[in-house]
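# Provided below for reference: sequence and predicted model.
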Amino acid sequence: MDRKNILIADDEKDVLSVLEKGLAAEGYSVITASSGNDAIALAKSKHPDLIILDVLMPGMDGGEVAGKLKEEPETRDIPVIFLTGMFPERKESEDFRMVADYVLFDKPYEILKLINVIENVLLEKQLSLE
Amino acid sequence: METETVKKTQALIDKDLIEVLLVEDDAIDRLLIERVLTKSRQPIDFAADWVGSLSAAADCLSKKEYDVVLLDLMLPDSDGLETIRRIEEVNSHIPIVVLTGLDDEQTGLLAIKAGAMDYLVKRQVSDDVIVRTIRYAIERNQMQQTLQKARDKLEMQVKERTRRLSRTNELLNREIIERKKVEEKMKEVMKIKSQFVSMVSHELRTPLTALKEGIRLVAEEKTGKLNDEQKEFLSIAKRNVDRLARLINDILDFQKLEAGKMDFNFQENDVNKIVKDVYDTMSPAIKSMELDFLLNLEDNLPKVQFDADKIVQVLTNMIGNAIKFTEKGNITISTCKKENVIQVSISDTGCGIRKEDFPRVFHEFEQLDQGGDRKTGGTGLGLAISKAIIEQHKGKICVESEYAKGTTFYFVLPIKERRSKERD
C-alpha cells in the first residue's frame, strides 16, 4: 500500500517535530512547513494527500493559507484539517467539528483520534474521486 | 415743557380714554370732581362712573375694567383705611387714589402706606393736579405691576432652578449609590477572579512538577540508556514543560501585581552588579545563537533601592524579548546616571516595532505580529509584569524602536539619596 503524504504547517517547531514523528510512526510520509508561505509553496510542489494547518501562525494564518490553496486549481482539492487551541464553544469530548469543507481539530490533540479523522478525510476524498 | 411731560406720560399710559371709577357718597364732591375731569384741558379724555357706596364700587369693579379708582374713605358701608383693603380684595391691581378732606392730609399719607397710589385733597383740586395725580397713579401702578411681575417671574425661575437642582442632586445621589453597588460587585468579582487564578495556577503546578521530574529521570538516563532521537524528544518535552511553568508563573505574578499582593524586598543595591549577573547567566544562550552580547556600564553609579530579584526578572524578560526578535547583530545592556535616576537600557538590532504598536507593547496579553518566526511563544504578560514591577519602584519603563532596525527598552530607577538631599 502506498504511503499517504501529509503536509503539516505550524510555526512552533516543537509541535511540528512531535507531530511529524507521531504521524511518521503511524506510517505516513510527512512534509513540514513552519510558516503559511512555506505551506503554500510545498503544497504546490509536493501535492500532498492532506494538509494539517495550525490556525494561529504569525504572518499568514491557517485560514488565509486555506483560502489561498482553494484559489489554486492544483491545490484546491487537497483536504485541509485545522489544528487549533482556540476551539470555539467546544463541547465536552468534542475533538473535531466540520466547518464548511474543513475539519477543525482541537489542540492538544490525541494522536489516535487525529489519525482516525485523517483516515476518514482521506477515504471521503477517495470516494468522491471514484 | 409741560406738554412734553404729558406726551411722555401719555405714551407710557398708552391710552386716550381713562376710565375712572369715582366712589364718593357726597354729591357736591362728586360733581366737583366730575366737572374737573370732564372739563380737563388735557389731551386725554376721562370717562367717569360714579357710585356712592363700597358695595356698588365692588359691583362695578367686577363688571368692568377701570384704569383708576378715586376713593372716598368715608362711605356709608365702609370707613377709613379698611375701605382700601376691601377695594383691593375685589381688584388687587387697580390703582387707588384716595380722596381726603381739607383738614385730613394725615389720612392721605396713611392711605398711601395702606396701598393707595396717591391722594387728592377734595375741593382743592385743580384740573392739572387731578389729571396729573391720576396719571401718575396709573403709571406708578403699572410700574409696580411690571416690577411685581418681574419679581414673580424671577421667583418662579429660582423655584424652577431649585427644583431642577434638587432633582439633579437626587439623580446624582442615586447614581452614586448605584456606582457604589457596582464597585462593590466588581471588587467581589475581582476577589473571586484573583482567588480562582491563584488556585488554578497552583493546582497546575502540582502535575507540572511530576511531569518535569518524570522527564528529567528518563532524560538523565536514570531509567536506562537513550538513543539520540529519544533524547531529542525528551528535550522537546522538557522545554515545553518549562515553558508551561513560566506561563503559570507569569500569570501568578501578574495576578499578584494586579491585586497589589506582590511583596517587594527593597534593598540598597548596585545596578551594575545585577546587570553583570544577568549578563553572565544569559551569555551562553545568546552567544550560541551567534549574537554579540555587549555591556556598556557607567562606572561609580550610586547605589539605589530596589528588589534585586524583581529587577533580574525584568532584565531577563527584556533580554529574552531581544533574543526572540533578533536574527543577527547584537544585544547591548547599558547603564548610566541621568539627573536623579539610573537608566538601564537593553538595545537590540532586531526586527523593531512599528510606531503604531508602541502603545500596545506594555499591555497584558498583547503579542505583536512580528511577521517572522516566533522562536518561543509567550503569554504576552512579560512586559506588562515588567512595567508593573518598575512602577512599584517609582520608576519608568519605555520603548524606542525603528522598524526593521532595532529596539531599545529602557527603565529608570530613582536615586533616593539625591532626592532627600534636594528636600533638605
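Sure thing, it's come through. Numbering: from 1, shown residues only, chains lettered A, B, ... in the order given.
# what residues are up against the spatially closest residue to B:N317 that is not a sequence neighbour?
In space, and not counting its chain neighbours, B:N317 is closest to B:G382: 4.3 Å by C-beta to C-beta, 6 or more residues apart in numbering or on different chains. To be clear about C-beta, it is placed using only N, CA and C from the backbone, and glycine gets the same treatment. Going by C-beta atoms under 8 Å, 6 or more residues apart in numbering or on different chains, B:G382 touches B:D250, B:N317, B:G320, B:N321.
# quick one: list the elements packing against the longest helix along chain A.
Longest helix in chain A by number of residues (criterion: DSSP state H): helix A:111-129. For helix A:111-129, the elements it packs on are helix A:13-25, strand A:50-54, strand A:80-84, strand A:102-106, judged by 3 or more C-beta pairs under 8 Å, 6 or more residues apart in numbering or on different chains; DSSP states H and E.
# what pairs with the third one, and is each one parallel or antiparallel?
Put plainly, it is strand A:80-84. Sheet pairing for strand A:80-84, assigned by DSSP bridges, gives strand A:50-54 (parallel), strand A:102-106 (parallel).
# same list, these, but as TSV with mean neighbour count and mean pLDDT please.
Shown next, in TSV, are those (neighbours: other C-beta atoms under 10 Å in any protein chain shown; pLDDT from 0 to 100):
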stretch	mean neighbour count	mean pLDDT
strand A:50-54	25	93
strand A:102-106	20	84
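# between those, which one is nearest to B:A404?
With C-beta to C-beta, the closest approach to B:A404 among the strands paired with strand A:80-84 belongs to strand A:50-54: 25.7 Å.
# any stretches of the chain with poor pLDDT?
This is for chain A. Applying pLDDT under 70 to chain A flags residues A:1, A:88-90, A:92-93.
# meant chain B, my bad for not saying
The model of chain B has pLDDT under 70 over residues B:1-15, B:40-43, B:102, B:365-379, B:417-424.
# so the most centrally placed residue in it, which of the three states?
Among the residues of chain B, the one closest to the centroid is B:L172, at 12.0 Å (C-alpha atoms, centre = their mean). Secondary structure for B:L172, judged by DSSP: H, G, I helix; E, B strand; the rest coil, is helix.
# same check on the one 10 residues further on?
In terms of secondary structure, B:V182 is helix; the call rests on three-state DSSP.
# A:P48 now?
Following three-state DSSP, A:P48 is assigned to coil.
# what's the burial count for whichever residue of chain A sits closest to chain B?
At 4.7 Å from chain B, A:D14 is the closest residue in chain A, using C-beta to the nearest C-beta. The number of residues packed near A:D14 is 17, by other C-beta atoms under 10 Å in any protein chain shown.
# do the same with the one 5 residues further on
By the other C-beta under 10 Å criterion, the neighbourhood of A:L19 contains 22 residues.
# and B:E139, by the same measure?
Neighbour count of B:E139, defined by other C-beta under 10 Å: 16.
# so which strand or helix has it?
In this assignment (DSSP states H and E), B:E139 forms part of helix B:127-219.
# same thing with B:V20?
Per DSSP H and E, B:V20 falls inside strand B:17-23.
# tell me which residues are up against stretch B:253-270.
Applying C-beta under 8 Å, 6+ apart, the set of residues contacting stretch B:253-270 is B:190, B:194, B:197-198, B:201, B:301, B:303-311, B:313, B:364, B:381, B:384-385, B:388-389, B:392-393.
# at 10 Å what do you get?
Here stretch B:253-270 makes contact (C-beta atoms under 10 Å, 6 or more residues apart in numbering or on different chains) with B:190-191, B:193-198, B:200-201, B:252, B:276, B:301-311, B:313, B:364-365, B:379, B:381-382, B:384-385, B:387-389, B:391-393, B:413, B:416-417.
# hang on, the earlier thing: selecting buried members of the contacts of B:G382 in ChimeraX, what would you type?
A single ChimeraX command selects the buried members of these (16 or more other C-beta atoms under 10 Å in any protein chain shown):
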select /B:250,317,320,321
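# and the contacts of B:G382, which is closest to chain A?
Closest to chain A out of the contacts of B:G382 is B:N321 (14.9 Å), distances taken as C-beta to the nearest C-beta.
# my guess is that closest one meets B:T408, correct?
No. Using C-beta atoms under 10 Å, B:N321 is not in contact with B:T408, being 11.5 Å away.
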